[in-house]
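Colleague: Next come a sequence and a model predicted from it.
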Amino acid sequence: MTITKKHALVWGCFFLAVVAFVLHIEQMYFMAAALALLAPVSYLLARRKTSGLQAQRRCPDRMYAGDTAGVKVEVTNRAATRRSLFQVADTLPEGTIADPASAHLIADLGPGETTSVEYDLTPLRRGVYRLGPVRFTSSDSLGIYDFSGTDDCFSEILVYPTPLSLPDLWPRGSTAELQRRRRGTIGQGDDFYSIREYVPGDDLRRVSWANTARRGKLMVVETERRETFAATIVLDLTANVHAGRGENSSLEYGVVLAASLAHQALQHGAAVGLLAMGTEDYSVPVSDQLGQELAILEALARCQDDCPARLDAVVTRREVALGKAGCVAIISPQTGAEMIALAARLVAQGNAVSWYCLQTLSFEPHTRADSEQREARSARFAVALRQAGAQCHLISGTRPLELSFRRWSRAAS
């Protein structure tokens, strides 16, 4: 049996009282009474040690998954008396790591004084994280009683998915080639095209003085405007089709892949949009304007897989927004005849379709037989998609997302 301080005090009082009674020593009665009063007096003196404490948190409101940011919690003593030897701890949501993770000890804080504690916060995956409340804990001088208090100080951090550096994944079929012609209108834009001799009417700001000095005649830089493609990323948020938990789930793989595709398209100068429908509409219209990537990342940070409708029904309802003769990237764990028909219809409308199949069994514990069944089913689905005119990439949860494209990247090169 574990002997606590409280038990020791009780038994100490009892034995002192017994000895005082047996030996008729009056002083020992006073000793027993004093020992009995230690616990309640210590309680009364310490019970308000966490009252009057107020917290304020300073932290970023937006960051990327996997990044680390500093969080500062300022604690102010609003009471009229000093507060000594108490601990401050922030309440963190699941999916975050704090360093240092333990509570911070405050030795002494006078009335009206403010002190601060700092820690580094790392969110492991995208999402909306709510920090708080701030907890204060202390104990009495004897360490018998524990006291706690909270300050309803809450902060919300929106965590974007971090785009990965992947090989060029956008379709390169005949339609895509028409949409992403590298040679646009000569003489317009900022992309270098060639150096040629000056002709009357050329903008003198285009004169290349280095080439002019080398050749002994006026030379100008000729530029072109690159025509790029319009792209739509379709993320399947159908309820109960994704598998796995946390950052190792098929949904998180799909979100990170969507962010990477959007970043890649915008780097190419393309206009890109997002079609993601849950119980809320997280879709972002196609655009190449400044801020488009952040708009897509914010939608991806908030999206949840709770759509009651199937993917093909969602795409059918929003088919006008997809447009025609563009690039469509579909990220989904669903397979079957309906998905093949969806890809074939989009291809028939002139779109270059790339399908990213999230293999759900690979995101959960499975047997060798399950693995073989998954591979056979995925292979049949990939063959059917290619026959329908779409590209197909199989995404497995057994390896990092970047490695899912290594073999494809080597084959493409």
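Modeller: Received, thanks.

Colleague: If you drop the residues flanking it in sequence, what lies closest to residue 326?
Modeller: residue 230 (4.2 Å; Cβ to Cβ, 6 or more residues apart in numbering). Just so you know, the C-beta spots here come from the backbone N, C-alpha and C atoms, and that holds for glycine as well.

Colleague: What's opposite that neighbour in the beta bridge?
Modeller: Residue 230 forms beta bridges with residue 271, as assigned by DSSP bridges.

Colleague: pretty sure it is touching residue 327, no?
Modeller: Yes. Residue 230 lies in contact with residue 327 (Cβ atoms under 8 Å); the separation is 7.1 Å.

Colleague: Name the residue in these two with the higher neighbour count.
Modeller: Just comparing residue 230 and residue 327: by other Cβ atoms under 10 Å the higher neighbour count belongs to residue 327, 25 against 22.

Colleague: Might you report the residue contacts of the residue lying closest to residue 54 once chain neighbours are set aside?
Modeller: With Cβ to Cβ, 6+ apart as the criterion, residue 54 has its nearest non-adjacent residue at 4.8 Å, and that residue is residue 76. Applying Cβ atoms under 8 Å, 6 or more residues apart in numbering, one finds that residue 76 lies in contact with 53, 54, 55, 56, 112, 113, 114.

Colleague: Now a ChimeraX select for only the buried ones of those residues.
Modeller: In ChimeraX syntax, the buried subset of the contacts of residue 76 is picked out as below (16 or more other Cβ atoms under 10 Å):
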select :53,55
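
Colleague: Show me which of the contacts of residue 76 is closest to residue 138.
Modeller: Minimum distance to residue 138 across the contacts of residue 76 is 9.6 Å, recorded for residue 53 (Cβ to Cβ).

Colleague: Wait, residue 333 touches residue 355, no?
Modeller: No. In terms of Cβ under 8 Å, residue 333 does not count as a neighbour of residue 355; the distance is 11.2 Å.

Colleague: Residue 252 should be in a strand, yeah?
Modeller: No. Under the criterion used here (DSSP: H, G, I helix; E, B strand; the rest coil), residue 252 is helix, not part of a strand.

Colleague: if I look at the closest residue to it other than its chain neighbours, how far off is residue 116?
Modeller: Distances taken as Cβ to Cβ, 6+ apart put residue 125 closest to residue 252, at 5.6 Å, once the chain neighbours are dropped. Remark: distance between residue 125 and residue 116 (Cβ to Cβ, to the nearest Å) = 28 Å.

Colleague: between those two, who's got more neighbours?
Modeller: Comparing residue 125 with residue 116 by other Cβ under 10 Å, the one with more neighbours is residue 125, at 21 against 15.

Colleague: Verify the contact between the more buried one and residue 247 for me.
Modeller: Yes. Applying Cβ under 8 Å as the test, residue 125 and residue 247 come out as touching, 4.2 Å apart.

Colleague: any shared contact partners between these two?
Modeller: Between them, residue 125 and residue 247 have 65, 95 as joint contacts when contacts are counted by Cβ under 8 Å, 6+ apart.

Colleague: Now the helix or strand containing the residue nearest to residue 54: buried residues?
Modeller: According to DSSP states H and E, residue 76 maps onto strand 69-77. Residues 71, 73, 74, 75, 76, 77 are the ones in strand 69-77 that count as buried (16+ other Cβ under 10 Å).

Colleague: Kindly report the same for stretch 59-66.
Modeller: In stretch 59-66, counting by 16+ other Cβ under 10 Å, buried: 59, 63, 64, 65.

Colleague: That stretch spans what distance, first to last residue?
Modeller: Taking Cα to Cα, to the nearest Å as the measure, stretch 59-66 stretches 16 Å from start to finish.

Colleague: next one: it to chain centre, how far?
Modeller: 8 Å (Cα atoms, centre = their mean, to the nearest Å).

Colleague: and if you look at stretch 336-356?
Modeller: 30 Å.

Colleague: Helices along the protein, start to end?
Modeller: Along the chain, the segments classed as helices by DSSP state H run 5-23, 26-46, 174-179, 209-215, 250-267, 292-302, 311-317, 319-322, 337-348, 368-387, 406-412.

Colleague: now those in a markdown table, with mean pLDDT, distance to residue 197 and mean neighbour count?
Modeller: Supplementary listing: the helices of the chain in a markdown table, determined by pLDDT from 0 to 100; distance: least, Cβ to Cβ, whole Å; neighbours: other Cβ atoms under 10 Å:
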| stretch | mean pLDDT | distance to residue 197 | mean neighbour count |
| --- | --- | --- | --- |
| helix 5-23 | 84 | 96 | 14 |
| helix 26-46 | 86 | 90 | 14 |
| helix 174-179 | 43 | 32 | 17 |
| helix 209-215 | 85 | 8 | 12 |
| helix 250-267 | 95 | 34 | 24 |
| helix 292-302 | 96 | 40 | 20 |
| helix 311-317 | 90 | 53 | 18 |
| helix 319-322 | 67 | 46 | 13 |
| helix 337-348 | 93 | 46 | 18 |
| helix 368-387 | 80 | 49 | 14 |
| helix 406-412 | 46 | 39 | 11 |
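
Colleague: I'd like the ones you listed laid out as TSV, including distance to residue 133.
Modeller: Conversion of these to TSV gives the following (distance: least, Cβ to Cβ, whole Å):
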stretch	distance to residue 133
helix 5-23	29
helix 26-46	22
helix 174-179	52
helix 209-215	64
helix 250-267	28
helix 292-302	23
helix 311-317	39
helix 319-322	42
helix 337-348	46
helix 368-387	44
helix 406-412	45
